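Asks: Here you go, sequence then predicted model.
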Amino acid sequence: MAAHHNSSSMDSEMLEDSQATFVTISDSQSTSATMMESQSTSATSIANSQSDSEDDYESDSEDFPYSTQELATMFEEFYQVLTTLHFESSELRLAPPGGWPHMTDEFLANFKSPEAMDVVRHLPYFHSSKNIHYKSKLIDFSSKSHEYFVSRHNDHDWRAEFYDGDDTVDPAHAFCFAAGFESYGREFTLDVKNGTIIEDMIRAQIIDPVDVSQFLSRLAEDFRSLRLLYCPGREMLETDRVDEVDEIITEEQWRTQSRNEHRHFGTDLDIQYLRQVYRKHGWPDAFRKEECWRTVGALMDSIEGEGDVWEEDAHWEDAEDWE
């Protein structure tokens, strides 16, 4: 019995030693696994850090309200309307399928986020010195050089500070497509992340962002209804403050209105008579633009010296120099 007892005691001790050894091995394996997991986590963290440093833009284009193609289509439709008004069809450049081939990320100098550059790559462009708004001209990115985009890398970062909360603008996702100059000149910025256009009245105010589709539709209607009046070589006239009239205004009535050297061109009668002249020349659906503009030019020449005339576009001939 005593021998049996000693044997059981030895067996028990061996079992305890075995269990202790197993625990030690298990702890060692667990520690090793923990170290491996830690190393893996560190490696992942380093990889993510490297990835973040390589890509400054954090975005998911699936969350953007409009795709690149939708934006390109909206701009093309808007520009096609303009060709029936004061722009020429020959001035409109449409991107080929797949976008402008020379506009690689390298050529564009990564001047904006990948999503914004993709939009730039697919937009149509007007190659024209005509105004799109008051002291404002469209930028033809398709004709710009690599150096141009280098100089424009994430420009206008100051815009972001004007917006809070839901209206915050990330400069990486926004680019100016119509450049303005001088006080009250209009500058239009497309924010591809929020699907909006921001209108900046230089040295005056920045107007709240508007949905792209709504903005372009409204601008097209402003032209068609002659709330915006354009003549080559002259600044855009904003006429929304002037009411429409039913009666016919004669040239004599227009000429005999009170004029003096201190009176600025743009009285209600000036605007109402000009609208009449434009519509007489088929505006908006059958506009005989060249004939109309010759008439307007002759009218302005006829009142030269009697007071102020329709403001001339100082940048008419050198549009490329200020973009």
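Replies: It's in. Residues are numbered from 1 along each chain as shown.
Asks: Show me where the chain dips below the pLDDT cut-off.
Replies: Regions of the chain meeting the criterion pLDDT under 70 cover residues 1-61, 154-167, 258-263, 306-307, 316-323.
Asks: Just want the phi and psi numbers for the most centrally placed residue in the chain.
Replies: Ranked by distance to the mean C-alpha position of the chain (Cα atoms, centre = their mean), the top residue is L190 at 1.5 Å. Backbone dihedrals for L190, given as degrees, to the nearest 10, come out at phi -90, psi 120.
Asks: Who does it form a beta bridge with?
Replies: Counting by DSSP bridges, L190 forms beta bridges with F175, I197.
Asks: That one against V119, yeah?
Replies: Yes - the criterion here is Cβ atoms under 8 Å, and L190 meets it with V119 at 7.2 Å. Just so you know, the C-beta spots here come from the backbone N, C-alpha and C atoms, and that holds for glycine as well.
Asks: Can you check which residues contact both of those two?
Replies: Shared between the contact lists of L190 and V119 (criterion: Cβ atoms under 8 Å, 6 or more residues apart in numbering) are residues L71.
Asks: Show me where the stretch 151-300 of the chain has its strands.
Replies: Per DSSP state E, counting those that start in this stretch, the stretch 151-300 of the chain has strands spanning 174-180, 186-191, 196-201, 205-211, 228-229, 237-238. These are given in chain order.
Asks: Could you do the stretch 1-150 of the chain as well?
Replies: 92-93, 125-126, 131-133, 136-138.
Asks: would CSV of those with mean neighbour count and distance to W310 be doable?
Replies: Supplementary listing: the strands of the stretch 1-150 of the chain in CSV, determined by neighbours: other Cβ atoms under 10 Å; distance: least, Cβ to Cβ, whole Å:
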stretch, mean neighbour count, distance to W310
strand 92-93, 17, 26
strand 125-126, 22, 22
strand 131-133, 25, 13
strand 136-138, 24, 17
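Asks: out of those, nearest to D105?
Replies: Put simply, out of the strands of the stretch 1-150 of the chain the one that sits nearest D105 is strand 125-126, at 18.8 Å, with distance taken as Cβ to Cβ.
Asks: Output the contacting helices and strands for the closest one.
Replies: Under the contact definition 3 or more Cβ pairs under 8 Å, 6 or more residues apart in numbering; DSSP states H and E, strand 125-126 sits against strand 92-93.
Asks: Direction included, what does the strand it packs on pair up with?
Replies: For strand 92-93, pairing defined by DSSP bridges yields strand 125-126 (antiparallel).
Asks: next one: the strand it pairs with to chain centre, how far?
Replies: Distance, stretch centre to chain centre, for strand 125-126: 14 Å (Cα atoms, centre = their mean, to the nearest Å).
Asks: quick one: contacts for P124?
Replies: With Cβ under 8 Å, 6+ apart, P124 has these contacts: A72, F75, E76, Y79, L92, R93, L94, A95.
Asks: mind running it again at 10 Å?
Replies: When the contact criterion is Cβ atoms under 10 Å, 6 or more residues apart in numbering, the partners of P124 are 72-73, 75-80, 92-95, 140, 142.
Asks: Likewise for V309?
Replies: V309 is in contact with R234, H264, F265, G266, D270, L299, M300, D301, S302, I303, counting by Cβ under 10 Å, 6+ apart.
Asks: could you dump these to a markdown table with distance to L108 and neighbour count?
Replies: Supplementary listing: the contacts of V309 in a markdown table, determined by distance: Cβ to Cβ, whole Å; neighbours: other Cβ atoms under 10 Å:
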| residue | distance to L108 | neighbour count |
| --- | --- | --- |
| R234 | 34 | 20 |
| H264 | 43 | 10 |
| F265 | 42 | 17 |
| G266 | 41 | 19 |
| D270 | 44 | 23 |
| L299 | 45 | 18 |
| M300 | 42 | 16 |
| D301 | 45 | 10 |
| S302 | 49 | 12 |
| I303 | 48 | 16 |
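Asks: Kind regards, and thank you for your time.
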